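Student: 3D model of this:
(chains A and B)
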2 protein chains.
Amino acid sequence: MVKGNLLYAQSGGVTAVINATACAVIETARRKGVAVLAAKNGIIGALREELIDTSKETPSAIAALRHTPGGAFGSCRYKLKSLEQNRAQYERLIEVFRAHDIRWFLYNGGNDSADTALKISQIGKQLGYPINTIGVPKTVDNDLAVTDCCPGFGSVAKYTAVSVAEASLDVESMCESSTKVFVIEVMGRHAGWIAAAAGLAARKSGEPPHIILFPEIPLDEEAFLARVKATVERVGYCTVVVSEGVKNAAGQFLAEAGTRDAFGHTQLGGAAPVIAGLVKAKFGYKYHWALPDYLQRSARHLASKVDAEQAYAVGKAAVEYALAGQNAVMPVIVRTSDKPYRWKIASASLEKVANHEKKLPKGFITKDGYGITAAARRYLEPLIRGEDPPPYAKDGLPEYVRLKNSLVRKRLPKYAIEDK
Amino acid sequence: MVKGNLLYAQSGGVTAVINATACAVIETARRKGVAVLAAKNGIIGALREELIDTSKETPSAIAALRHTPGGAFGSCRYKLKSLEQNRAQYERLIEVFRAHDIRWFLYNGGNDSADTALKISQIGKQLGYPINTIGVPKTVDNDLAVTDCCPGFGSVAKYTAVSVAEASLDVESMCESSTKVFVIEVMGRHAGWIAAAAGLAARKSGEPPHIILFPEIPLDEEAFLARVKATVERVGYCTVVVSEGVKNAAGQFLAEAGTRDAFGHTQLGGAAPVIAGLVKAKFGYKYHWALPDYLQRSARHLASKVDAEQAYAVGKAAVEYALAGQNAVMPVIVRTSDKPYRWKIASASLEKVANHEKKLPKGFITKDGYGITAAARRYLEPLIRGEDPPPYAKDGLPEYVRLKNSLVRKRLPKYAIEDK
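Tutor: The predicted structure follows:
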């Protein structure tokens, strides 16, 4: 068996369960006698040679990662350029790998990260430094190709569906004399996966959410407003879910076309107030709007058990694949059965994953454009199943862990990162 | 023992645990052989003679109220005028009570409701109709006098503290290359109780939230911005909690002074984007902001166990007081010990509760105005203790109950409510 170290790095927006993957990586590697270094703040740390020595962490600290949200080693938004544009960066990475005897590299992220992992596996070969590179899936956006779903999505889906159900009970109780229209904005700039998950809150036809606005469908103001009115007249109130990615007929994001702050700056992530304002202007209904923002993707307290298990499983498989000599692959989730829901992990080529985007199928949106179909429900519902609450301390707060994150001694000259 | 029915009504903004009080009222009355009617949509339903027959609900449906958010019978924002201004309304209420043999009236709400309950007890005497009126405390605002805390507050406090801790872990992981300032807006138009509860997320000095903006303290922009900068430079990011009630130096609500939507309408509940905009304009830091709105007060999935128990206890005591012949009182929570936290229920005169507002003590805010003191923590921390999750169905959603809410036959002429 090849000797050496394994490097793990988190990339892109974090999730409620990305640390469950980290936990699996470290626990699995420890069982196999392999030391794990973690890049501080993702690929930036790898370039800067800021490498965390995970052997300094106790088994219980590592075990607690399984239920701790955020990215324990730091993540980043930093896309490596193409090999042609910045070959030096890839060479630097290989230099760092060589200096620290890194033989296995696990890159835990979304689409861009799969692409980066693929490139690193290629440059390693070119430079004659054998490095087994594994992409590990993670994204609340659920837009990775090949895998049936993405770790991180199930938990944001559960948070969103539960929150919509709860807030709607609140609005329903008060609608006779108070708020009649409640708007909640969810993440999803390019695809309506999270918006669709909100639809799970409605177990029966007619239950809230009454209207979902998907980024896939440009907003038809008149039709939307007519639907709001009909809903308020039928059930007394209307719960609207709006994706941050919804555009108007002119193709502009609602948030950018609409609200500006006191200084005239565009308010990003503000589709909900625009929608609420439309309703208020037309009908005068009292409204409220919510924008959970990061709360939705960090709500580990309400994680989906299926999601947490899958996040752990891909981390475990990634180490097994790496140590078995696989390269340029990603452990993906394969759904083997809908009823009962069954899944397994399989190895997929990074080439098939990188730079593809999984769109929300057209067949998941109802013909009127405001709801989800039975097919969508069949796909989505298993992903929010089961609860996996963190342990709570006596003070009523979850026992989330903060690691020591002590860095290993640098062996290379300082390296400046350009246009971070 | 006097024969007759008991009327229960919910009033004002609902909470994650007001139905636990309803559950206690009905379960306790059933054990004593007393029938409970519930006003549909609060006092509006009492005036309209829209009375729900709770005897039609199964024991398991009533038991499920204990873990269901919102107001199961409907609530309302409707304040009865003074006896002098609209004596006819009070007389109508007594007429409805007489028509349905209502001998006990339990009014579950905040300050206004305590006042209304007091007036009803007075008019009953004047009109020679013996009615035992009990106020039952409920409000996320925690601003009722006499009681140590208000059912509903502990759960929103827990939701807020946990959400701030979780989202801050997310921001911290990404701050090297992404969001540096995260702003979360919490409820509390007049008092900073919920903002203060957010401070519980910081178990140690220096932990997030780094800055709390209280409605008690007008915003000093320069000092605030300097604090944001110092925090970002020290820890890499800054979590700011802003109460919806924060005002600028000119005494205007930030939300009203600031953001307007595309139509020029004031955006209510928008203090967070104003604060985020200030930071962005001064330093150019990347920011995100969240506004959980109704999610915070309906998040039964994250209820405080202490809160749920107190909500049940006040409902139980209210029935016991009423049947024992008490009148114009409210069961309040008395804290008998901080360490260990111990509490009991006692009877307080509605006159002492009505029309008083419990302010956040000055000694709860640190001298710099941006944090909570040890005294605040000592008061607040026990209120978020313990978890009391609802049962979940196999589909991953909580099993919240929806009652039949069938109305009893009307016996009086129709009654039109003015200026609702």
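
Student: ok, now which ones touch residue A:334?
Tutor: A:147-148, A:343-346 (Cβ atoms under 8 Å, 6 or more residues apart in numbering or on different chains). In short, each C-beta sits where N, CA and C put it, glycine included.

Student: so which of the residues you listed wins on neighbours?
Tutor: Tallying neighbours with other Cβ atoms under 10 Å in any protein chain shown puts residue A:147 at the head of the contacts of residue A:334, with 23 neighbours.

Student: point out where chain A drops to low pLDDT.
Tutor: Scanning chain A for pLDDT under 70 picks out A:1-2, A:257-269, A:418-420.

Student: among the contacts of residue A:334, which lie within strands?
Tutor: A:343-346 (DSSP state E).

Student: out of the residues you listed, who's nearest chain B?
Tutor: Taking Cβ to the nearest Cβ as the measure, chain B lies nearest residue A:343 of the ones in strands among the contacts of residue A:334, at 15.1 Å.

Student: so the closest one sits against residue A:331, correct?
Tutor: No: between residue A:343 and residue A:331 there is no contact under Cβ atoms under 8 Å: 11.8 Å.

Student: so who does residue A:56 touch?
Tutor: Residue A:56 sits next to A:404, A:406 when contact means Cβ under 8 Å, 6+ apart.

Student: apologies, that question was intended for residue A:144.
Tutor: Listed by Cβ under 8 Å, 6+ apart, the contact set of residue A:144 reads A:110-111, A:114, A:137, A:150, A:332, A:353, A:358.

Student: where's it relative to residue A:392, distance?
Tutor: 32 Å (Cβ to Cβ, to the nearest Å).

Student: same question, residue A:5
Tutor: Residue A:5 sits 35 Å away from residue A:392, going by Cβ to Cβ.

Student: residue A:365 too?
Tutor: As defined by Cβ to Cβ, residue A:365 lies at a distance of 39 Å from residue A:392.

Student: same deal with residue A:368?
Tutor: Using Cβ to Cβ, residue A:368 is found at 43 Å from residue A:392.

Student: quick one: the strands in the stretch 301-420 of chain A, in order.
Tutor: For the stretch 301-420 of chain A, applying DSSP state E, counting those that start in this stretch gives strands covering A:329-337, A:342-349.

Student: in what element of secondary structure is residue A:172 found?
Tutor: Using DSSP states H and E, residue A:172 falls within helix A:153-174.

Student: residues contacting residue A:408?
Tutor: Shown in contact with residue A:408 (Cβ under 8 Å, 6+ apart): A:37, A:51-53, A:100.

Student: mind checking which of these land in strands?
Tutor: Those of those lying in strands (DSSP E): A:37, A:51-53.

Student: the more surrounded of residue A:365 and residue A:392?
Tutor: Per other Cβ under 10 Å, whichever of residue A:365 and residue A:392 has more neighbours is residue A:365, with 23 against 18.

Student: is it true that that one touches residue A:376?
Tutor: Yes: contact criterion Cβ under 8 Å: residue A:365 and residue A:376 qualify, at 7.4 Å.

Student: need the contact list for the residue nearest to residue A:165 when sequence neighbours are not counted.
Tutor: The shortest distance from residue A:165 to any non-neighbouring residue, by Cβ to Cβ, 6 or more residues apart in numbering or on different chains, is to residue A:201 (4.2 Å). For residue A:201, the contacting residues are A:161-162, A:164-165, A:168, A:207-209, B:397, by Cβ under 8 Å, 6+ apart.

Student: CSV for those, including neighbour count and distance to residue B:105?
Tutor: Shown next, in CSV, are those (neighbours: other Cβ atoms under 10 Å in any protein chain shown; distance: Cβ to Cβ, whole Å):
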residue, neighbour count, distance to residue B:105
A:161, 29, 38
A:162, 27, 35
A:164, 28, 35
A:165, 26, 32
A:168, 25, 29
A:207, 17, 33
A:208, 24, 32
A:209, 29, 36
B:397, 21, 35
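
Student: and the spatially closest residue to residue A:353 that is not a sequence neighbour, what helix or strand is that in?
Tutor: Among residues not flanking residue A:353 along the chain, residue A:114 sits closest, at 4.6 Å (Cβ to Cβ, 6+ apart). Using DSSP H and E, the element containing residue A:114 is helix A:111-126.

Student: now that helix: buried residues?
Tutor: For helix A:111-126, a neighbour-count test (16 or more other Cβ atoms under 10 Å in any protein chain shown) marks A:111-124 as buried.

Student: against which helices or strands is the helix or strand following it packed?
Tutor: From helix A:111-126 onward toward the C-terminus, using DSSP H and E, the following helix or strand is strand A:132-137. Judged by 3 or more Cβ pairs under 8 Å, 6 or more residues apart in numbering or on different chains; DSSP states H and E, the packing partners of strand A:132-137 are strand A:102-109, helix A:111-126, helix A:305-323, strand A:329-337, helix A:350-353.

Student: rerun that using 6 Å as the cut-off
Tutor: Counting contacts by 3 or more Cβ pairs under 6 Å, 6 or more residues apart in numbering or on different chains; DSSP states H and E, strand A:132-137 is packed against strand A:102-109, helix A:111-126, helix A:305-323.

Student: which residues touch it?
Tutor: A:21, A:104-108, A:114, A:117, A:120-121, A:144, A:147, A:150-151, A:314, A:318, A:321-322, A:327-328, A:330, A:350 (Cβ atoms under 6 Å, 6 or more residues apart in numbering or on different chains).

Student: contacts for the helix holding residue A:114 next, please.
Tutor: Residues outside helix A:111-126 that contact it (Cβ under 6 Å, 6+ apart): A:11, A:79-80, A:83, A:90, A:107, A:131, A:133, A:135, A:327-328, A:350, A:353-355.

Student: using PDB, list the CA coordinates for that helix.
Tutor: Listed next in PDB are the C-alpha coordinates belonging to helix A:111-126 (Å, rounded to 0.1, in the frame of the first residue of the first chain):
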ATOM      1  CA  ASN A 111     -19.800  21.800 -10.000                       C
ATOM      2  CA  ASP A 112     -16.800  24.000 -10.100                       C
ATOM      3  CA  SER A 113     -15.000  21.800  -7.600                       C
ATOM      4  CA  ALA A 114     -15.600  18.700  -9.600                       C
ATOM      5  CA  ASP A 115     -14.000  20.500 -12.500                       C
ATOM      6  CA  THR A 116     -11.100  21.600 -10.400                       C
ATOM      7  CA  ALA A 117     -10.600  18.100  -9.100                       C
ATOM      8  CA  LEU A 118     -10.600  16.800 -12.600                       C
ATOM      9  CA  LYS A 119      -7.900  19.200 -13.700                       C
ATOM     10  CA  ILE A 120      -5.800  18.500 -10.700                       C
ATOM     11  CA  SER A 121      -5.900  14.800 -11.500                       C
ATOM     12  CA  GLN A 122      -4.800  15.600 -15.100                       C
ATOM     13  CA  ILE A 123      -1.900  18.000 -14.100                       C
ATOM     14  CA  GLY A 124      -0.700  15.400 -11.600                       C
ATOM     15  CA  LYS A 125      -0.200  13.000 -14.400                       C
ATOM     16  CA  GLN A 126       1.500  15.600 -16.600                       C
END
